[in-house]
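Visitor: no sequence for this one, just the structure:
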Ligand code: FES
């Protein structure tokens, strides 16, 4: 620890802290613009100037290392004048006419900084030329006229996400943010994670939905989790008048450290499927709105007269409470033979079976990935399924972390990899990895052997294979090279569904009724085809689809932002999702629908979903 004095206050901080960090630790406010707590200090805007005894000129506190016995002053007359001058120059350089800007009125850090300094205007006439506005991106707009060249967006794209799409071109006053040496953002290598938009301090990068619909202080915020995949990213859902304004990453959540992917941040904003708002029964070949009572009675009637039995299928986007209720109704109480999930165990069944067999969890937590100095991806497309996880190693690839991809098909992360091996992952492959004296496999084995914290991420390339041999061989190989092993699984509650035994292949064997608890999952073409053979379909779903169109009974349920419930991340963290929006009238949560169905069938179901998660050994510890 070192000791310094800031504004007369004696402060102790860890060695390596900056003066700005020391001041913040002591609740001393220093204005900043280019600084962001999640980004490497850059020292570009100079707003954070402080005076230090013994220094001839003011210093940028965000990049100035704190040292022992330093005496710092943060609010002298000289500094106040310097800050006003800096802000004046920034305002004069581009189009910062606040009344015409969508973030004016509380959301702009530049405007707020000016107000803090008591500025109501700036004395220098702006002399700028218009700068380009890039509106080619489907989710956000880049307006270089509002840019203050803080490079937060560029640093977020490189240092946090590791995508390196954004950069700067030109020099001096002509400097501009660009994508890929000058491509329109919409056709650049941008992956639409939106980190740049979230860190932008002005109106230079704005999303297409929240502008002019209310400032941060006028909106309601719900801290919850994204259920786009099984990472369980923390999000802040901003709503106003019960409408969704924006989704931001929660910087405080360890799972994602504030980062999100396209699915988590932007896809909910473009949801335009038709909502189901009333229970319906097919009458005269037409789905006809009915009461809940009537719909549930119809289901009870159909169940009682089901000559071939009932098949039941649940979405792995449902909360754990609903999945467990579903399992109890159909597997335990109605003794249906085919009770499973929409993932059919493809992401979990082999791992779960192996964990039960060896009676010990063998997969690691997400932390291991953050520490990794070598990552081997086998048969998994993180870009499509769990993109935020890829940021944790992509951003370290220029700093020494190695990436090896083994995949029979082109993997979107190939372009970042040090070594790409086109191969199918089977048990022979892992044998060869250990023994091959030459070639790519030998190089891969060498890189892995040299790593201090190797991590192997496996996916459907292994879990969807007909036998579990490949997984067993992989577990042995990982053990041999002391690598952490992880399978990011499928949708938000893949692991919970697996622990409740919802992991059979869905193959209809004469069942006359299929009950599908689809929730808000968008049915895949594969699922639609599978259910073509189902004679009578009963669906609980939030949105209309090809499946609801041919159902006998449809029950309207909440979408993920309208319901609460537990989600078990791929690495066993139990998290609680909260409702951020009210459900439409007459629409019930997935759990409430299943409880009502149980009541109607005179079945008693328990609420012991948490205990049942550990009824068999999971592939990763659940806590
Ligand atoms: Fe320190 Fe910008 S905040 S230079």
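Guide: Cool, the structure landed. Values in this document were obtained by computation on a predicted structure and should not be read as measured data. Residues are numbered from 1 along each chain as shown.

Visitor: near the ligand, anything from stretch 141-150?
Guide: No: counting by Cβ under 6 Å from any ligand atom, the ligand is not contacted by stretch 141-150; separation bottoms out at 6.8 Å. In this view, the C-beta of every residue, glycine as well, is placed from N, C-alpha and C.

Visitor: any idea how far residue 405 is from residue 420?
Guide: 5 Å (Cβ to Cβ, to the nearest Å).

Visitor: what do you get for residue 101?
Guide: The separation that residue 101 has from residue 405, given Cβ to Cβ, amounts to 44 Å.

Visitor: For the two, indicate the residue with more neighbours.
Guide: residue 405 (26 against 22; other Cβ atoms under 10 Å).

Visitor: hey, which helix is longest across this protein?
Guide: Longest among the helix segments of the chain by residue count, using DSSP state H, is helix 77-93.

Visitor: Show me what the worst-scoring helix or strand of the chain on mean pLDDT is in contact with.
Guide: Ranking every helix and strand in the chain by mean pLDDT, DSSP states H and E puts helix 427-435 at the bottom, with a mean of 83. Helix 427-435 is contacted by residues 406, 423, 441, 444-445, 469-470, 472-474, 476-477, 480 when judged by Cβ atoms under 8 Å, 6 or more residues apart in numbering.

Visitor: Go ahead and build a PyMOL selection from the buried members of those.
Guide: Buried residues among the contacts of helix 427-435 (16 or more other Cβ atoms under 10 Å), as a PyMOL selection:
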select buried, resi 406+423+441+444+445+470+472+473+474+477
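
Visitor: Closest residue of the stretch 401-550 of the chain to the ligand?
Guide: For the stretch 401-550 of the chain and the ligand, the shortest gap (Cβ to the nearest ligand atom) falls at residue 401, measuring 28.5 Å.

Visitor: What's the local residue count around the nearest residue to residue 261 once chain neighbours are set aside?
Guide: With sequence-adjacent residues excluded and distances taken as Cβ to Cβ, 6 or more residues apart in numbering, residue 261 is closest to residue 387, at 3.8 Å. The tally of other residues near residue 387 (other Cβ under 10 Å) stands at 26.

Visitor: my guess is residue 387 contacts residue 191, does it?
Guide: Yes: using Cβ atoms under 8 Å, residue 387 makes contact with residue 191 at a distance of 7.0 Å.

Visitor: Please identify every residue contacting each of these two.
Guide: By Cβ under 8 Å, 6+ apart, the residues touching both residue 387 and residue 191 are 261-262.

Visitor: still on that earlier bit, can you tell me which residues contact the residue of the stretch 401-550 of the chain closest to the ligand?
Guide: By Cβ under 8 Å, 6+ apart, the neighbours of residue 401 are 372-375, 393.

Visitor: swap the cut-off to 6 Å and go again
Guide: Residues near residue 401 by Cβ atoms under 6 Å, 6 or more residues apart in numbering: 373, 393.

Visitor: What pLDDT does the model give it?
Guide: We have a pLDDT of 98 for residue 401.

Visitor: now do residue 468
Guide: Looking at residue 468, its pLDDT is 83.

Visitor: Leaving out sequence neighbours, find the closest residue to it.
Guide: residue 350 (4.2 Å).

Visitor: What helix or strand is the one you found located in?
Guide: Here residue 350 sits within helix 349-358, counting by DSSP states H and E.

Visitor: again with residue 245
Guide: Per DSSP H and E: strand 243-249 holds residue 245.

Visitor: buried ones in the next helix or strand after that strand?
Guide: Under the assignment DSSP H and E, the closest C-terminal helix or strand after strand 243-249 is helix 262-265. For helix 262-265, a neighbour-count test (16+ other Cβ under 10 Å) marks 262-265 as buried.

Visitor: try stretch 11-20
Guide: For stretch 11-20, a neighbour-count test (16+ other Cβ under 10 Å) marks 11, 13, 17-20 as buried.

Visitor: so which of these comes closest to the ligand?
Guide: Each of the buried residues of stretch 11-20 was checked against the ligand using Cβ to the nearest ligand atom; the closest is residue 20, at 6.7 Å.

Visitor: Surely the closest one is in contact with residue 61?
Guide: Yes: between residue 20 and residue 61 there is a contact under Cβ atoms under 6 Å: 4.2 Å.

Visitor: Give me the sheet partners of the strand holding residue 245 and which way each runs.
Guide: Using DSSP bridges, the strands paired with strand 243-249 are strand 234-240 (antiparallel).

Visitor: contacting residues around the strand it pairs with?
Guide: Here strand 234-240 makes contact (Cβ under 6 Å, 6+ apart) with 214, 219-223, 225-226, 245-248, 250, 253, 580.

Visitor: Of those - the most surrounded one?
Guide: Most neighbours among the contacts of strand 234-240, by other Cβ under 10 Å: residue 226, with 30 neighbours.

Visitor: and that one, what is it in contact with?
Guide: Per Cβ under 6 Å, 6+ apart, neighbours of residue 226: 233, 235, 264.

Visitor: Mind putting the residues you listed into a markdown table with distance to residue 187 and pLDDT?
Guide: Output for those, formatted as a markdown table (distance: Cβ to Cβ, whole Å; pLDDT from 0 to 100):
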| residue | distance to residue 187 | pLDDT |
| --- | --- | --- |
| 233 | 27 | 98 |
| 235 | 28 | 98 |
| 264 | 23 | 97 |
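
Visitor: Residues of the protein that sit close to the ligand?
Guide: Within the chain, the residues that sit near the ligand (Cβ under 6 Å from any ligand atom) are 32-35, 43-48, 60, 62.

Visitor: List buried members of the residues you listed by neighbour count.
Guide: Neighbour-count burial (16+ other Cβ under 10 Å) applied to these gives 32-35, 44-48, 60, 62.

Visitor: Now the common contact residues for residue 20 and residue 61.
Guide: With Cβ under 6 Å, 6+ apart, residue 20 and residue 61 have common neighbours 30, 48.

Visitor: Residue 503 should be in a helix, yeah?
Guide: No: applying DSSP: H, G, I helix; E, B strand; the rest coil, one finds residue 503 to be coil, outside a helix.

Visitor: neighbours around it, how many?
Guide: Residues near residue 503, counting by other Cβ under 10 Å, number 23.

Visitor: Having no further points to raise, I will conclude here.
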